[in-house]
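[1] dropping a prediction and its sequence here:
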Amino acid sequence: RSSDLRQREGYRQEGGADTELHLAAARVTSPAERERRPGHPHSTTMQPASAKWYDRRDYVFVEFCVEDSKEVKIAFDECKLTFSCSGGSECVKHQNEVELYQSIDPNGSKQKRTDRSVLCCLRKKESGKSWPRLTKEKAKLNWLSVDFNNWKDWEDDSEEDMSNFDRFSESSPDSDDEKMPDLE
């Protein structure tokens, strides 16, 4: 019986000394242990969502790239942005906390959820000042990148900036869709 137990626990007899076998792939794990692994549908660990950001004259935009997000919670504080949700095909739990480069107006900041991501529009407390980075510290975060598709020098974009914000503020995506003619 003890030899069966030793075999199940990964030991074998070799020249009178017990040697542990490193068979991690064959090791039996409990359901609770599997649930703690990131990516498991019932995982209790949090991992950061990947995000992209870009700067405008009056706003900073942060897009958290999580498909089919559920239970989205966003807290806009003057110096911090906190994001959490579960999403993706495996319902991975995500949590991001960002100490911001400069202060924002929490009441003027908004969010918009789509099927593919959650976009946050942070109103700068001091408009007209460019942000060289999103974070207070210069440390590189592996989940955060610059959105170069939307990045631009904003010397004379105030009208375009406001139209982008107006489009961002629309809460109902289907409210102004016109009926399209049938294609034959």
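    Perfect, thanks for sending it.

[2] what ranges does this structure have for its helices?
    Ranges of helices within the chain are 2-8, 31-35, 158-169, based on DSSP state H.

[3] for the nearest residue to residue 144 once chain neighbours are set aside, which residues make a bridge with it?
    Setting aside the residues directly before and after it, residue 144 is nearest to residue 51 in space (C-beta to C-beta, 6 or more residues apart in numbering), at 5.2 Å. C-beta coordinates here come from the backbone N, C-alpha and C atoms, glycine included. Each beta-bridge partner of residue 51 is listed here, defined by DSSP bridges: residue 64, residue 144.

[4] would you confirm that residue 51 contacts residue 62?
    Yes. Here residue 51 lies in contact with residue 62, judged by C-beta atoms under 8 Å, at a distance of 5.8 Å.

[5] any idea how far residue 85 is from the residue nearest to residue 144?
    Relative to residue 85, residue 51 is positioned 12 Å away (criterion: C-beta to C-beta, to the nearest Å).

[6] any common contacting residues for these two?
    Here residue 51 and residue 85 have residue 64 as joint contacts, going by C-beta atoms under 8 Å, 6 or more residues apart in numbering.

[7] spit out the contact partners of residue 49.
    Applying C-beta under 8 Å, 6+ apart, we find residue 49 in contact with 64-66, 83, 85, 87, 94-96, 143.

[8] lowest average pLDDT across the helices of the chain?
    Here the lowest mean pLDDT among the helices of the chain goes to helix 31-35, at a mean of 47.

[9] contacting residues around stretch 113-128?
    Counting by C-beta under 8 Å, 6+ apart, the neighbours of stretch 113-128 from elsewhere in the structure are 57-69, 72, 74, 76, 78, 81, 83, 85, 100, 102-105, 108-112, 131, 165, 168, 173.
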